[in-house]
Structure formats: C-alpha cells, structure tokens
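*Asks:* Quick check, what structure comes out for this input:
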Amino acid sequence: MFKFFKKDNLVFGLILGLFTPLLGMVGFYFYRFSILNPFQFIQYLGMEKRLITSMVSFSLLANAIIFTIYINNHIDKTAKGIFFTTILYALLVFALKVWY
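*Replies:* Okay, here's the model as predicted:
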C-alpha cells in the first residue's frame, strides 16, 4: 500500500503537490469553521476575502509536511514536483494578498 508513495517521479510530485493543499484546506475548514456547513463556509469566504489567504497559507503546511517526508527519504524527483507546486501556491497567496 505505501509502496505507491515511494515513487520517485516528477509528475507524481506535481500531482501530489497540487492535491495535498486541498486536504489542508479541508483541515482548515474542520479546525476553524466546522460549525458552518460547507455552503455557509464558502459564503463566508466570499465576504471575508482576507481569510482566503490565511486558508491557502495554512494548506501549504500540508505540502511542507509531505515535502519534508520525501526529502528525508531521498525521493528527490517527487520532492521537486512538490516544491514546484508549493512555489506556485505561494505565488497565488502573494497575489491574493496584494490584490485583496
């Protein structure tokens, strides 16, 4: 089962790096806003735009965790893909911070 996660592939790292922050966003929702249903939460995000940047920043912690795991296990190509997508997400956070 865990052999799948030992794959050393740049494309796998990119895919993993794109989807792991989504899990972080779900974790953010359950950690801070579990009293709201998902539709109310999305509406609240629309009203409080500065919350979006903190949510995306929090979700990048998920990428940092898996990046650290892959680097420590010397699975470098996958780690590069995760790092690249983390940079893309960080640029998104920066752009949101500048424009909102």
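
*Asks:* just for this structure, where's the confidence low?
*Replies:* Judged by pLDDT under 70, the chain has its weakly predicted residues at 1-4, 100.

*Asks:* name the element the one residue sitting closest to the centre of it belongs to?
*Replies:* For the chain, the residue nearest the mean C-alpha position is Pro21 (1.8 Å; Cα atoms, centre = their mean). Using DSSP states H and E, Pro21 sits within helix 10-32.

*Asks:* What is that helix packed up against?
*Replies:* helix 50-72, helix 76-99 (3 or more Cβ pairs under 8 Å, 6 or more residues apart in numbering; DSSP states H and E). Yep, even glycine has a C-beta here, placed from its N, CA and C like the rest.

*Asks:* Output these as TSV; include the columns distance to Phe39.
*Replies:* Below are the helices and strands packed on helix 10-32 laid out as TSV (distance: least, Cβ to Cβ, whole Å):
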stretch	distance to Phe39
helix 50-72	16
helix 76-99	22
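
*Asks:* To Asn9, which of the ones you listed lies closest?
*Replies:* Closest approach to Asn9 among those (Cβ to Cβ): helix 76-99, 5.8 Å.

*Asks:* So for the closest one, what gets flagged as buried?
*Replies:* By neighbour count with 16 or more other Cβ atoms under 10 Å, helix 76-99 contains the buried residues Thr78, Ala79, Lys80, Gly81, Ile82, Phe83, Thr85, Thr86, Tyr89, Val93.

*Asks:* Tell me what angle that helix forms with helix 50-72.
*Replies:* Taking axes from the mean of the first three to the mean of the last three Cα atoms, to 10 degrees, helix 76-99 and helix 50-72 form an angle of 160 degrees between their directions.

*Asks:* Mind listing residues that contact helix 76-99?
*Replies:* Residues outside helix 76-99 that contact it (Cβ atoms under 8 Å, 6 or more residues apart in numbering): 7-18, 20-21, 49, 52-53, 56-57, 59-60, 63-64, 66-67, 70-71.
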